[in-house]
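# Provided below for reference: sequence and predicted model.
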Amino acid sequence: MAKPIGQVLIAAQDISIRFGEQVVLKDASLNIHQGDRIGLIGTNGSGKSTLIKIVAGLIPPDSGTISRKRELITGYLSQDFTLDESKNVFENIMDGAHDVIDILREYESLPYDSERRHVLEEHIHLLDGWNLENRVEAAMHSLNVPAKDRDITTLSGGEKRRVALCRAIISRPDLLILDEPTNHLDTQSIEWMEEFLDDYDGACLFVTHDRYFLDSIANRIVELSNGLCYPHTGNYTDFLINKAERQEQLAAEEKKRNNFLRRELEWVRRGPKARTTKSKSRLKNYFEIADKEGLQVEREVSLLLPPPGGLGNTILNLKHVGMELGGRKLFSHIDLLFDKKRKLGIVGRNGLGKTTLLKLILQEMPPTEGSIEIGERTVINYIDQSRIALNDENTVVKEIGEGNDWIMFGEQRLTVWSYLRRFLFADDRINTKVEKLSGGERSRLLLAKILKNGGNFLILDEPTNDLDLPTLRVLEEALVDFEGCVIAVSHDRYFLNRVCNGILAFEGNGQVHFSEGNYDYYLEKRAARLAAQVESEKQKKAEAAAKPAPKKLKWKEEKELETIEQDILNAEDEVHKLESLFASSDFYEKHGNEIDRLTAELNAGKTKVEQLYARWNELERMKNGE
């Protein structure tokens, strides 16, 4: 049974906006209801960020109407967020809950019997305001936010983004608007966000390239294409099915339209008299249909990785590799033997040593344990978008060509223009300055600049960040078909499943675990491993419980233990005296007739010493609960 549609929070109708000559939105419409989880998708530069800024009330449209629910509270995480550098981490996060804090302060200022106080109490209960600080602590921990007293100016870009995300969600607003919420989050934090949104009572509009997140959270997908919004019911998988069906239907309609135009054109060319009203009407109908826009085929990146050179028998071997930094052991005993076509995914929370391992492989620093062997024919291309800067003063063609008209694509020579067209750069954009490119165009240009370097061993650090979904799909297909080796550090579970045939997981506490297969298979094996550990612990507890309870010393035994060491010393002294007597030179002269008695006493003394030692050990074990 379908869930009832919730109350309308925002109704945006026929929204249009343009920046200079570029039309970004053209009669786009979007309704957001209570309980909606809307994934907004589209190619980079299609206007997603512009649309959500309009919905958030940050910029007005050129035309169209926007209706909002009265007193609508909105939480917003933008890609270009700002934090207050005069405040620490905790204070910035609490800024996101100012509505709740204001209500709490007003509540506390009112007399106990105030009617307004009772109204506010109900409101605080609905906002879970009494539990605000606990929720902040839980969110900070789950999103791996830096310590609450950290100075904002000391944080990295990723740390600042996690603070901003925590600030956006903490007040549990009526509507959450999130622009790339999973960027710079590790897999565990993303899974926590999914659980948070699953329990969240409000609506959420979000832009993300994380297809697992879209599949898990979205109950509606809105595709933004050519300035229009195309709604789809369901998650990302449902969208792919619906879009394929829609494109098939549009293609059939376009074929029907073209057939009609072809027949009518033949009729027009035959030169009919066109004197009758019917003929005039037929001509008018022809020109009306001919003037309509035909089906616009979406262009996709034709991303092809340069063919790799051949790999040798030795590619990359890690033998008992470990690393310690600042007295902290990050990992140890990593053993990896790369064979041809190994596609290794590296996963784990931030700060556990993933990037450090890449630095060891790139020989930027030596390991503190073990060794790394790189084959003579292994050519590594490190694809890290954050390390490559674009020169804003260059044109696109100059940035790629670097003064040359050609680039080598494996053994094939391509013109720079041909190469750039593979990355969706039209002729009029190839001579554009880099500073005038959109965010999506800059991402594609970075990819083009990095990938032209070739190599038969690719190392990718968070390759899916800032790429749109069509580009991601093409990149994945190119990596799957790539004849060389790949290492990818990624939190994108969809990417890991499509590309990787081995997972190296940093699981915390210095533990690193390798698993054959993709990410889902690793999760399956990890769950089985953890279940086995739990069962083993249960077994140990059961065995311990089955053992008889350790004996406790009674008062008499405690007194015995207190004196037994002296008793042992006395007994050993008696044995020593008898042994000295037997060893004397005149023993037989003086005690010849007492040999049997003295021998019996010596044996009895030795037996007594052994018994006292045994008793002493027994009492000590009882005392220690063994």
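Sure thing, it's come through.
# Just confirm Leu458 contacts Val489, I think it does.
No. Counting by C-beta atoms under 8 Å, Leu458 does not reach Val489; the two are 11.8 Å apart. Quick note: C-beta positions are derived from backbone N, CA and C, even for glycine.
# Of those two, which one has the most company?
Leu458 (25 against 21; other C-beta atoms under 10 Å).
# Tabulate the CA atom coordinates of the helix or strand harbouring the more buried one in PDB.
Using DSSP states H and E, Leu458 sits in strand 457-461. Listed next in PDB are the C-alpha coordinates belonging to strand 457-461 (Å, rounded to 0.1, in the frame of the first residue of the first chain):
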ATOM      1  CA  PHE A 457      49.400   1.200 -12.600                       C
ATOM      2  CA  LEU A 458      46.800   3.800 -11.600                       C
ATOM      3  CA  ILE A 459      46.500   5.000  -8.000                       C
ATOM      4  CA  LEU A 460      43.300   7.000  -7.400                       C
ATOM      5  CA  ASP A 461      42.600   8.900  -4.200                       C
END
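# tell me what that strand is packed against?
Here strand 457-461 touches helix 354-361, strand 380-383, strand 485-489, going by 3 or more C-beta pairs under 8 Å, 6 or more residues apart in numbering; DSSP states H and E.
# let's see it at 6 Å
When contacts are defined as 3 or more C-beta pairs under 6 Å, 6 or more residues apart in numbering; DSSP states H and E, strand 457-461 packs onto strand 380-383, strand 485-489.
# His123: which of these is closest?
Nearest of the helices and strands packed on strand 457-461 to His123, taken as C-beta to C-beta: strand 485-489 at 44.8 Å.
# Next, the angle from the closest one to helix 354-361.
150 degrees (axes from the mean of the first three to the mean of the last three C-alpha atoms, to 10 degrees).
# Can you give the strand pairings for strand 485-489, parallel or anti for each?
Paired strands of strand 485-489, with direction, are strand 343-348 (parallel), strand 457-461 (parallel) (DSSP bridges).
# ok, residues contacting it?
With contact meaning C-beta atoms under 6 Å, 6 or more residues apart in numbering, strand 485-489 is reached by 338, 342-346, 354, 457-461, 479.
# change it to 8 Å
Residues from elsewhere that reach strand 485-489, judged by C-beta atoms under 8 Å, 6 or more residues apart in numbering: 311, 315-316, 338, 340-347, 354-355, 358, 361, 456-463, 479, 495-496, 499-500.
# any idea of the angle the helix or strand following the strand holding Leu458 forms with strand 485-489?
Per DSSP H and E, strand 457-461 leads on to helix 469-481 as the next helix or strand towards the C-terminus. Between helix 469-481 and strand 485-489, the angle comes out at 140 degrees (the same axes, to 10 degrees).
# What average pLDDT does helix 469-481 get?
Averaging pLDDT along helix 469-481 yields 83.
# Report the buried residues of it.
Leu469, Pro470, Thr471, Leu472, Arg473, Val474, Leu475, Glu476, Ala478, Leu479 (16 or more other C-beta atoms under 10 Å).
# Next: stretch 371-379.
Neighbour counts using 16+ other C-beta under 10 Å place Ile372, Ile374, Gly375, Thr378, Val379 of stretch 371-379 among the buried residues.
# Identify the residues contacting the last one.
By C-beta under 8 Å, 6+ apart, Val379 lies in contact with Pro308, Gly309, Gly454, Gly455, Asn456, Phe457.
# Tell me the spacing between it and Ile487.
Plainly put, Val379 is 14 Å away from Ile487 if you go by C-beta to C-beta, to the nearest Å.
# Same question for the first one.
Taking C-beta to C-beta as the criterion, Ile372 is separated from Ile487 by 13 Å.
# Can you verify my assumption that His320 contacts Phe331?
No. Applying C-beta under 8 Å as the test, His320 and Phe331 come out as separate, 11.1 Å apart.
# which one of those two has more residues nearby?
Neighbour tally, His320 and Phe331, criterion other C-beta under 10 Å: the higher count belongs to Phe331, 23 against 12.
# Helix or strand: which one has the more buried one?
strand 328-337.
# So which residues make contact with that strand?
Residues outside strand 328-337 that contact it (C-beta under 8 Å, 6+ apart) are 316-324, 344, 352-353, 356-357, 369-370, 504, 506, 510-512, 514.
# can you rerun that using 10 Å?
With contacts defined as C-beta atoms under 10 Å, 6 or more residues apart in numbering, strand 328-337 is touched by 314-324, 342, 344, 348, 351-354, 356-357, 360-361, 367-370, 372-373, 487, 502, 504, 506, 509-512, 514.
# Let me know the average pLDDT across the strand holding Leu458.
Per-residue scores along strand 457-461 average to 90.
# residues contacting His141?
His141 is in contact with Ser189, Trp192, counting by C-beta under 10 Å, 6+ apart.
# tell me which residues of the one helix or strand it maps to are tucked away?
According to DSSP H and E, His141 maps onto helix 132-142. Residues of helix 132-142 classed as buried by neighbour count (16+ other C-beta under 10 Å): Leu132, Arg135, Val136, Ala139, Met140, Ser142.
# How about stretch 235-246?
In stretch 235-246, counting by 16+ other C-beta under 10 Å, buried: Asn235, Tyr236, Asp238, Phe239, Leu240, Asn242, Lys243.
# got the contact list for the fifth one?
Listed by C-beta under 10 Å, 6+ apart, the contact set of Leu240 reads Arg211, Asp215, Ile221, His232, Gly234, Leu469.
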